[in-house]
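Student: give me coordinates for this.
(chains A and B)
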Amino acid sequence: MSDDGQPGPPAGGRVDFRAALRSCFRAALDGLAADGVVPLTADEMPALLDQVRQTADAKFGDYSGTMAMALAKRAGRKPRDLAADIAARLAAAPTYADFFLPPGDPVGPGFINVRVRDEALAAALSRAVSDPRLGVRGTERPETIVVDFSSPNVAKPMHVGHIRSTVIGDALARILRFRGHRVITDNHLGDWGTQFGMILWGWKHCRDDEAFAADPTAELGRLYRLVRKVADAKPEELAADPAAASLAARYPEAGREVLAETAKLHEGDPENRALWERFMPVCRAEIDRLYARLHVTFDHWLGESFFQPMLAATVDDLVARGLARESRGAIGVFLRGDDAPPLLIRKADGAFLYATTDLATIRWRLDTWKPSRILYVVDHRQSEHFEQVFDAARRWGLSGIADVDLVHVGFGTVLGEDGKPFKTRAGDTVGLEALLDEGVERARQVIELGAEGRAALAAEDRRHVAETVGIGAIKYADLSQNRTTDYVFSFDKMLQLTGNTAAYMQYAVARVEGIFAKGGIDRDALRVAATEVRIAEPAERALALDLLRFGEVLEDVEADYRPNLLTTWLYDLAGRYSSFYDTHPVLKAEGPERASRLALCDLTGRVLRTGLELLGIGTVERM
RNA sequence: GCGCCCGUAGCUCAGUCGGAUAGAGCAUGGGAUUUCUAAUCCCAGGGUCGGUGGUUCGAGUCCACCCGGGCGCACCA
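Tutor: Have a look, this model is predicted:
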């Protein structure tokens, strides 16, 4: 439950029915407590008001409150009696009658069911149609929120394992921003770690100058993959790669030497530093191209190298404060006593670790941006790491640490079709670019096979549609899954263009556009004139009510950082629209009915488009 | 060994932090197009929610134990 349940005037005339009803319930419960029926403290109120929700089934009304049953025992009353008491107080709450029909008798063991007045629904709908924010209120307490996501290692080509952080992080950033927060996105590039040591070692021992001249990115990628195998020296990997095996035989100390190259870079060795500066633009050009194609942008690109100058001071400070100490030649923060493994912040060879960078980064962000939240959109396998880093940061006693919420927004591992995870360090996974190409190609094939209506699309339009649909399908497949569960990567599944997919909603948007194109409707004029909306048919009412829940859904997405709540709702919304569209003529309707249906179509199109936009998914006019 | 996560329809998954007869999609079977894009809509079959106990008005959801699977646990990130 968030701030939106607080009483208060609706922002900009926008109505959030659930928030309005919660504030009525709050008044009812306050009265209950004041009259001594049941004692209630202020801090348990949010959880109780959370029990005001959309009903499971429309036959029970639009919203229901279930807290009476939970409170009955404490009140020493029968659940139904207490529910009736609450319902009576609810009906008398200020503004209740403006929005809702009288609650009536409690149902079952004590459900208080509420239905929105049709006039209130029509009025809210007509305001939403004329509102650039589509009736969405947004948060009443804007915060500064840092979203740390994507963060690939620039030394190696991006692959499918990077897609979740990128897509989920981008969607969350867009949604939080739309909610009214000040959002700062930061791509914390891995541009300073061991993987650069591998490239440096590879460059010095087995580079191919011609290949580098022809395609620098590919050559650096080759070096990374090759040296990684040589350094790890796993027999089964070497057996499968003769080139790596012969190098490993020639340089048995390769693993140590790679770490030494990394340490030299960190110490400011001129040669390694110069090579790093030469490689960086090559690496950036590669990932920039992919971000452009994904339409993902960042406010900042503060990679590990940016924080490198702060690392020594970070370690010194933690040592000086008695939080960190030497152990087996390394330096670590002992968080769980002397026996449990510490959080290492400096290796025995002097090099720093990613925990060091993470701690320095927290300090810098607190000093610079003073955020109230920092979100880390990172694979859930790193949950322990973040627990430790957050714990260490709190003990560190940084300025502002008490006021910041550090959140690891974890997500399930990307698995291959064989059910095994894509290992970050594994050699040959599906490249991200190849994945996007395949998605677009499959979408293009569907378009070519399509009905005559699509034959009218110009070649340029077809390319654009294929790109939008193909990449949208890939993003949507990822976002529509509960973020905490593992995610099986499957071309066939994500590129299927029927059912619960982005294409279904993009198609609904295109059909809305079709109506306005065919009817030659002036949508701006329609929005200004949409003052007399009438909701008559059940399909219209269901659609209208659903449209007005946009703000509720975004609030819920923020509460748990779960974009799949938005995808589910959008899919339901598109389904309601399709049902409505199938049975209710719009252009052939007349008078107020036609105007009302046009208003519904206009708002549906814009809500779907905006919702997809918040997921980072594009739409097209025709498809 | 310690810690975290998961087990729901044939398949892939939702399930609003305890609420009403457990929902979608795909697949299967049937139906709808003189009408705004059929990439659509409507209908049907399909379930001991891994198992056993417990907590209570109520459990897929919370607790305990068991079965089965995944991940992490000091010098990679």
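
Student: enumerate the residues of the stretch 1-150 of chain A near RNA strand B.
Tutor: By Cβ under 7 Å from any atom of the strand, the residues of the stretch 1-150 of chain A that approach RNA strand B are A:50-51, A:53-57, A:59-61, A:64, A:66, A:69-70, A:72-73, A:79, A:107-111, A:113. Where you see a C-beta, it was placed from the backbone N, CA and C, and this is true even at glycine.

Student: what is the burial count for the closest residue to A:Asp349 other than its chain neighbours?
Tutor: Of all residues not flanking A:Asp349 in the chain, A:Ala263 sits nearest, at 5.2 Å (Cβ to Cβ, 6 or more residues apart in numbering). As a burial measure, A:Ala263 scores 18 neighbours (other Cβ atoms under 10 Å).

Student: one step back: can you flag which of the residues of the stretch 1-150 of chain A next to RNA strand B belong to helices?
Tutor: Using DSSP state H, A:Met69, A:Ala70, A:Ala72, A:Lys73, A:Pro79 are the members of those that sit in helices.

Student: distance of the third one relative to A:Pro563?
Tutor: In this structure, A:Ala72 and A:Pro563 are separated by 37 Å, where distance is defined by Cβ to Cβ, to the nearest Å.

Student: please apply the same query to the last one.
Tutor: With distances taken as Cβ to Cβ, A:Pro79 is found 36 Å from A:Pro563.

Student: between those two, which one's more packed in?
Tutor: Neighbour totals were compared for A:Pro79 and A:Pro563, and A:Pro563 leads with 28 against 20 (other Cβ under 10 Å).

Student: list the residues that contact that one.
Tutor: Residues near A:Pro563 by Cβ atoms under 8 Å, 6 or more residues apart in numbering: A:Ile168, A:Ala171, A:Leu172, A:Ile175, A:Leu479, A:Arg483, A:Val557, A:Leu615.

Student: as TSV, these with distance to A:His385, secondary structure and pLDDT would be great.
Tutor: Below are these laid out as TSV (distance: Cβ to Cβ, whole Å; DSSP: H, G, I helix; E, B strand; the rest coil; pLDDT from 0 to 100):
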residue	distance to A:His385	secondary structure	pLDDT
A:Ile168	18	helix	96
A:Ala171	23	helix	98
A:Leu172	20	helix	97
A:Ile175	26	helix	98
A:Leu479	25	helix	95
A:Arg483	18	coil	93
A:Val557	26	helix	96
A:Leu615	28	coil	97
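
Student: of the ones in helices among the residues of the stretch 1-150 of chain A next to RNA strand B, which is the nearest to RNA strand B?
Tutor: Of all those, RNA strand B sits closest to A:Met69, with 3.0 Å by Cβ to the nearest atom of the strand.

Student: count the neighbours of that closest one for me.
Tutor: Other residues within reach of A:Met69 by the criterion other Cβ under 10 Å amount to 19.

Student: which residues touch it?
Tutor: Under the criterion of Cβ under 8 Å, 6+ apart, the neighbours of A:Met69 are A:Pro79, A:Ala83, A:Pro109, A:Gly110, A:Phe111.

Student: verify the stated contact: the third one with A:Pro79.
Tutor: When you say that, I think you mean A:Pro109. Yes - counting by Cβ atoms under 8 Å, a contact exists between A:Pro109 and A:Pro79, whose distance comes to 5.2 Å.

Student: is the helix or strand where A:Val509 lies anywhere near RNA strand B?
Tutor: Using DSSP states H and E, A:Val509 sits in helix A:502-519. Yes - interface with RNA strand B: helix A:502-519 contributes A:Ala503, A:Tyr504, A:Tyr507, A:Ala510, A:Arg511, A:Glu513, A:Gly514, A:Ile515, A:Lys518, A:Gly519 (Cβ under 7 Å from any atom of the strand).

Student: OK, contacts around A:Trp396?
Tutor: With contact set as Cβ under 8 Å, 6+ apart, A:Trp396 has these partners: A:Asp317, A:Leu318, A:Arg321, A:Leu323, A:Leu359, A:Arg363.

Student: which among those residues end up buried?
Tutor: Using 16 or more other Cβ atoms under 10 Å as the burial test, the contacts of A:Trp396 include A:Asp317, A:Leu318, A:Leu323, A:Leu359, A:Arg363 as buried.

Student: from these, which is closest to RNA strand B?
Tutor: Checking these against RNA strand B with Cβ to the nearest atom of the strand, the nearest one is A:Leu359 at 12.7 Å.

Student: check the closest one and give its pLDDT.
Tutor: What the model reports as pLDDT for A:Leu359 is 97.

Student: doesn't A:Arg395 make contact with it?
Tutor: No - checked against Cβ under 8 Å, the pair A:Leu359 and A:Arg395 is beyond contact range at 10.6 Å.

Student: quick one: the helix or strand encompassing the residue nearest to A:Asp349 near RNA strand B?
Tutor: Following DSSP H and E, one finds A:Ala263 within helix A:254-267. Yes - counting by Cβ under 7 Å from any atom of the strand, RNA strand B is contacted by helix A:254-267 at A:Leu259.

Student: same question, stretch A:544-554
Tutor: No - between stretch A:544-554 and RNA strand B, judged by Cβ under 7 Å from any atom of the strand, nothing touches; the nearest distance is 9.0 Å.

Student: what's in contact with that stretch?
Tutor: Stretch A:544-554 has contacts (Cβ under 8 Å, 6+ apart) with A:4, A:14-19, A:54, A:62, A:116, A:121-122, A:124-125, A:128, A:134-138, A:175, A:178-179, A:535, A:565-566, A:569, A:572-573, A:576, A:600, A:603-604, A:607, A:610-611, A:614.

Student: other SSEs contacting the helix or strand containing A:Cys24?
Tutor: Per DSSP H and E: A:Cys24 is located in helix A:17-34. Secondary-structure packing of helix A:17-34 (3 or more Cβ pairs under 8 Å, 6 or more residues apart in numbering; DSSP states H and E): helix A:45-49, strand A:52-54, strand A:63-65, helix A:79-92, helix A:96-99, helix A:550-560.

Student: and these, which is most packed in?
Tutor: Of all those, strand A:63-65 carries the top mean neighbour count, a mean of 24, counting by mean count of other Cβ atoms under 10 Å.

Student: just checking: what are the partner strands of that one?
Tutor: Strands that pair with strand A:63-65, judged by DSSP bridges, come out as strand A:52-54 (antiparallel), strand A:112-114 (antiparallel).

Student: and those strands as TSV, adding mean pLDDT?
Tutor: What follows is those, written out as TSV (pLDDT from 0 to 100):
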stretch	mean pLDDT
strand A:52-54	95
strand A:112-114	96
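
Student: for A:Ala213, find the nearest of the ones you listed.
Tutor: The minimum distance between A:Ala213 and the strands paired with strand A:63-65 falls on strand A:52-54, with 61.4 Å, by Cβ to Cβ.

Student: how near is A:Arg541 to A:Val227?
Tutor: Distance of A:Arg541 to A:Val227, computed by Cβ to Cβ: 64 Å.

Student: who's more crowded, those two?
Tutor: In this view A:Arg541 and A:Val227 are compared by other Cβ under 10 Å, and A:Val227 has more residues nearby, 28 against 17.

Student: next up, the contacts around that one.
Tutor: Applying Cβ under 8 Å, 6+ apart, the residues contacting A:Val227 are A:Met198, A:Ile199, A:Trp201, A:Gly202, A:Cys206, A:Ala254, A:Val258.

Student: doesn't A:Gly221 make contact with the second one?
Tutor: No - counting by Cβ under 8 Å, A:Ile199 does not reach A:Gly221; the two are 9.3 Å apart.

Student: neighbour-wise, which of those two wins?
Tutor: Counted by other Cβ under 10 Å, A:Ile199 and A:Gly221 do not tie: A:Ile199 has more neighbours, with 27 against 18.
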